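*Asks:* Structure, please.
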Amino acid sequence: MPSIPADLKGLKASMAQRAYGVSKTALIALSKLASLQLAKKNVTVNCVAPGVIKTKFAELTENEELSKYLLSRIPMGRFGVPEEVCGTVAFLVSNDANYITGETIVIGGGMPTRL
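*Replies:* Prediction:
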């Protein structure tokens, strides 16, 4: 039951980080294709698309100006934490999610996520 990590850049067109966004969109498409190919074998494949998650790799959360801008776009008014992503992935690989496949679950605090 793979969960493929993408992020919000794969769901929303942006001129910034174009190549990165395209790569994330490709992961979403790959997970959809894999879910179709593996469904008959009872294998589920889903994708998680985290928003801005406060990790050591999310340097943008340390830039005060950029941080204020990003927080103004997140309805929950805060950045996510890794445990919130882990909880969603744990659910997707559990028996409780046996009938969920081919989906992209957004973990973004309410940020707009559609093209």
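
*Asks:* where are the low-confidence patches of this structure?
*Replies:* Across the chain, residues meeting the criterion (pLDDT under 70) sit at 1-17, 60, 114-115.

*Asks:* Tell me where it has helices.
*Replies:* Listed in chain order, the helices of the chain (DSSP state H) span 18-38, 64-73, 82-92.

*Asks:* Can I get those helices in JSON lines including mean neighbour count and distance to residue 56?
*Replies:* Using the backbone N, CA and C atoms, a C-beta is placed for each residue, glycine as well. What follows is these, written out as JSON lines (neighbours: other Cβ atoms under 10 Å; distance: least, Cβ to Cβ, whole Å):
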{"stretch": "helix 18-38", "mean neighbour count": "15", "distance to residue 56": "18"}
{"stretch": "helix 64-73", "mean neighbour count": "12", "distance to residue 56": "15"}
{"stretch": "helix 82-92", "mean neighbour count": "15", "distance to residue 56": "10"}
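
*Asks:* out of those helices, which comes closest to residue 47?
*Replies:* Proximity to residue 47 (Cβ to Cβ) singles out helix 18-38 among those, at 4.0 Å.

*Asks:* other SSEs contacting the closest one?
*Replies:* strand 3-5, strand 46-50 (3 or more Cβ pairs under 8 Å, 6 or more residues apart in numbering; DSSP states H and E).

*Asks:* centroid residue for the protein?
*Replies:* residue 49 (0.6 Å; Cα atoms, centre = their mean).

*Asks:* pretty sure that residue is in contact with residue 108, am I right?
*Replies:* Yes - between residue 49 and residue 108 there is a contact at 7.2 Å, judged by Cβ atoms under 8 Å.

*Asks:* Quick check: residue 104 vs residue 66, distance?
*Replies:* As judged by Cβ to Cβ, to the nearest Å, residue 104 and residue 66 stand 25 Å apart.

*Asks:* ah, wrong one, I meant residue 30
*Replies:* 30 Å.

*Asks:* again, but for residue 21
*Replies:* Using Cβ to Cβ, one gets 17 Å for the distance from residue 21 to residue 66.

*Asks:* likewise residue 41?
*Replies:* Counting by Cβ to Cβ, the gap from residue 41 to residue 66 is 44 Å.

*Asks:* same deal with residue 97?
*Replies:* Residue 97 is 34 Å from residue 66, where distance means Cβ to Cβ.

*Asks:* Alright, I will stop here.
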